[in-house]
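Participant: kindly return the folded structure for what I paste below:
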Amino acid sequence: MSGAFRLFSGWVAMALAVVGCGSLAVPPRERETVQPALETMQGMGELGEPVPRRVVALGKVVAAVRTANPQREAAAARLAQAQALAKAARAEGLPTVGGNATVGRGTGGGKGRDGGGIGGEQARLGAEWRWSLDLFGAREAAARAAALRAEAAAFEVLQVERELFLEAARAYFEAATATERLNFNRRQQRLADEMVRLVAAKVKAGLASERELAQVQTLAAQLRSQEAQLRGRVEGAQERLVVVTGGDRRWTEGVDENALPPPPPPPDAAVTPADLLRRRPDVQAAERRLQASLASADERVAARFPSFPLMGSLALAAASPAGWWQASVLSWSWALGLNATLFDGGRLRGEVQAAQAAVEEAVANYRQAVLTAVRACEEALARTHTYYAQMEALQVAAQSAEQAWRLLVAQYRAGLVDFSAVMEAERQWLSAEDGWVEAKGESWAARAELELALGVLW
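Facilitator: You can find the predicted model right below:
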């Protein structure tokens with residue numbers, strides 16, 4: 001595993017060195033449609049076995065996050081805004097056409113027979129158009145920057161979704177873990193009550209001491225106290241699910257229906273670096289923002305050059321609208337202009353420098369996104385292996401501890417062992433079983449973090 005990540009780190013270092021050069025090279029932009037994540041964690045099949053269908057409630061939680069969470073709604077609104085601005089930027093490349101119509105009456109400068117002014121009517125219908133030649137690419141660069149910002153906003157929606165999915169998954173696995181521990185606790189309480197009755201009978205028969213009865217009663221009381229703590233933990237995790245799903249309590253139903261099955265084994269090595277960069281929405285968004293900054297810098301540079309507006313008009317002017325149908329009232333014109341900035345006090349130069357600084361910031365952010373992806377992938381993979389190995393070891397320990405406890409209880413009934421051995425065996429069983437359930441929940445949560453780090457769709 002470490003060898004794979006050394007190769008991974010070397011590749012990333014080489015990529016960052018290329019990005020740091022004057023060419024500002026970035027990975028090639030893929031024109032891919034941003035699809036919403038799957039409603040269930042089917043993507044986990046890429047790292048091993050698919051998620052068992054018993055974990056169906058989590059799929060409902062994921063769907064609720066997508067439809068009701070305010071953070072996701074805010075990200076979707078930002079995406080809609082960026083898409084509208086991109087559409088407006090594309091429209092800048094089209095001609096602007098306007099129309100006007102006037103009907104009026106006026107007084108001329110001459111005089112009539114009665115000494116008054118000469119009155120007249122005039123009706124005019126006209127159209128004007130204007131279009132600027134994009135010889136230096138300013139308009140095309142602005143449209144490209146707006147489109148790239150819209151793509152970045154789309155990937156940011158996916159990233160917000162994935163972070164919310166991870167938060168929901170953690171709460172879900174915590175609730176399921178606490179529920180399983182709660183069920184085990186209640187089972188242990190029933191066994192402790194049986195032991196209380198057994199020891200009480202032995203005390204009555206003079207075969208056990210009051211100290212042994214007090215010990216088992218203390219254990220029963222501790223188990224009841226732990227039940228209250230576990231119920232509070234389940235309720236707290238369910239409340240977090242309610243918050244992340246937009247306040248709907250329906251999505252907490254089914255969390256305690258079944259115990260979590262053991263997760264599938266973790267992968268032996270991470271995916272290739274190219275897959276990582278292609279899958280992760282945060283890296284994709286950082287890449288698009290970098291390309292948008294480059295396009296904005298091109299726009300600022302092109303804005304320093306002259307522009308060449310092309311204008312034209314078409315008009316019909318007559319004494320009344322009825323006269324518009326006469327060919328003699330038609331007039332038209334067109335003109336090619338030249339607009340150039342002769343002096344602006346350094347404004348355009350300052351805008352270019354600001355755009356170049358924005359490119360440098362975007363390069364640094366892209367580098368940080370790649371490094372964060374590498375670190376998150378390595379840490380998540382290490383945690384997944386650690387918790388899975390811990391879970392397997394504790395499962396064996398819990399099974400062995402339960403068998404040892406049952407044998408000691410049988411021997412205690414026969415009067416072959418001291419009660420302290422039974423109590424110690426039960427404590428070991430409780431500890432191992434609780435540890436196994438906790439490790440199983442942590443293993444599922446670590447797997448969800450690994451999926452987020454690798455960019456696998458849920």
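Participant: what helices or strands is the host helix or strand of Ser400 leaning on?
Facilitator: Here Ser400 sits within helix 347-413, counting by DSSP states H and E. Contact partners of helix 347-413 among helices and strands, from 3 or more CB pairs under 8 Å, 6 or more residues apart in numbering; DSSP states H and E: helix 2-20, helix 273-279, helix 281-302, helix 419-454. The C-beta positions use only the backbone N, C-alpha and C, and glycine is treated the same way.
Participant: surely Val417 is within a helix?
Facilitator: No: counting by DSSP: H, G, I helix; E, B strand; the rest coil, Val417 is not part of a helix but coil.
Participant: tell me the spacing between it and Glu433.
Facilitator: Separation of Val417 from Glu433 (CB to CB, to the nearest Å) stands at 22 Å.
Participant: okay, those two: which has more neighbours?
Facilitator: Neighbours were counted for Val417 and for Glu433 using other CB atoms under 10 Å; Glu433 has more, 23 against 16.
Participant: contacts only, for that one.
Facilitator: Each residue near Glu433 by CB atoms under 8 Å, 6 or more residues apart in numbering is listed here: Phe184, Ala398, Ala401, Glu402.
Participant: the last one reaches Gln428, doesn't it?
Facilitator: No: under the criterion of CB atoms under 8 Å, Glu402 is not in contact with Gln428, lying 9.5 Å apart.
Participant: show me where the stretch 1-150 of the chain has helices.
Facilitator: Assigned by DSSP state H, counting those that start in this stretch, the helices in the stretch 1-150 of the chain fall at 2-20, 57-68, 70-91, 138-204.
Participant: among those helices, which is nearest Ala123?
Facilitator: Checking the helices of the stretch 1-150 of the chain against Ala123 by CB to CB gives helix 70-91 as the closest, at 32.1 Å.
Participant: what comes into contact with the closest one?
Facilitator: 65-66, 142-143, 145-147, 149-150, 152-154, 156-157, 160-161, 164, 246.
Participant: export only the CA atoms of that helix, formatted as CSV.
Facilitator: Below are the C-alpha coordinates for helix 70-91, written out as CSV (Å, rounded to 0.1, in the frame of the first residue of the first chain):
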residue,chain,number,x,y,z
PRO,A,70,-30.8,23.6,2.8
GLN,A,71,-27.1,23.5,2.0
ARG,A,72,-27.7,21.4,-1.1
GLU,A,73,-30.5,23.8,-2.1
ALA,A,74,-28.2,26.8,-1.7
ALA,A,75,-25.5,25.1,-3.8
ALA,A,76,-28.1,24.3,-6.5
ALA,A,77,-29.2,27.9,-6.5
ARG,A,78,-25.6,29.0,-7.0
LEU,A,79,-25.4,26.6,-9.9
ALA,A,80,-28.6,28.0,-11.5
GLN,A,81,-27.1,31.5,-11.1
ALA,A,82,-23.8,30.5,-12.8
GLN,A,83,-25.7,28.8,-15.6
ALA,A,84,-27.8,32.0,-16.2
LEU,A,85,-24.7,34.1,-16.3
ALA,A,86,-23.1,31.7,-18.7
LYS,A,87,-26.1,32.0,-21.0
ALA,A,88,-26.0,35.8,-20.8
ALA,A,89,-22.2,35.8,-21.6
ARG,A,90,-22.9,33.6,-24.7
ALA,A,91,-25.6,36.1,-25.8
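Participant: closest to Ala335 out of the helices of the stretch 1-150 of the chain?
Facilitator: Comparing those by CB to CB, helix 138-204 comes nearest, at 19.9 Å.
Participant: and the very next helix or strand once past the closest one, how far out from the chain middle?
Facilitator: Next along the chain after helix 138-204, taking DSSP H and E as the criterion, comes helix 210-244. In terms of CA atoms, centre = their mean, to the nearest Å, the centre of helix 210-244 is found 35 Å from the chain centre.
Participant: and for stretch 302-315?
Facilitator: Relative to the mean C-alpha coordinate of its chain, stretch 302-315 is positioned 43 Å out (CA atoms, centre = their mean).
Participant: repeat for stretch 79-98
Facilitator: 27 Å.
Participant: what's the burial count for the nearest residue to Glu227 once chain neighbours are set aside?
Facilitator: Among residues not flanking Glu227 along the chain, Asn185 sits closest, at 5.1 Å (CB to CB, 6 or more residues apart in numbering). Using other CB under 10 Å, Asn185 has 22 other residues around it.
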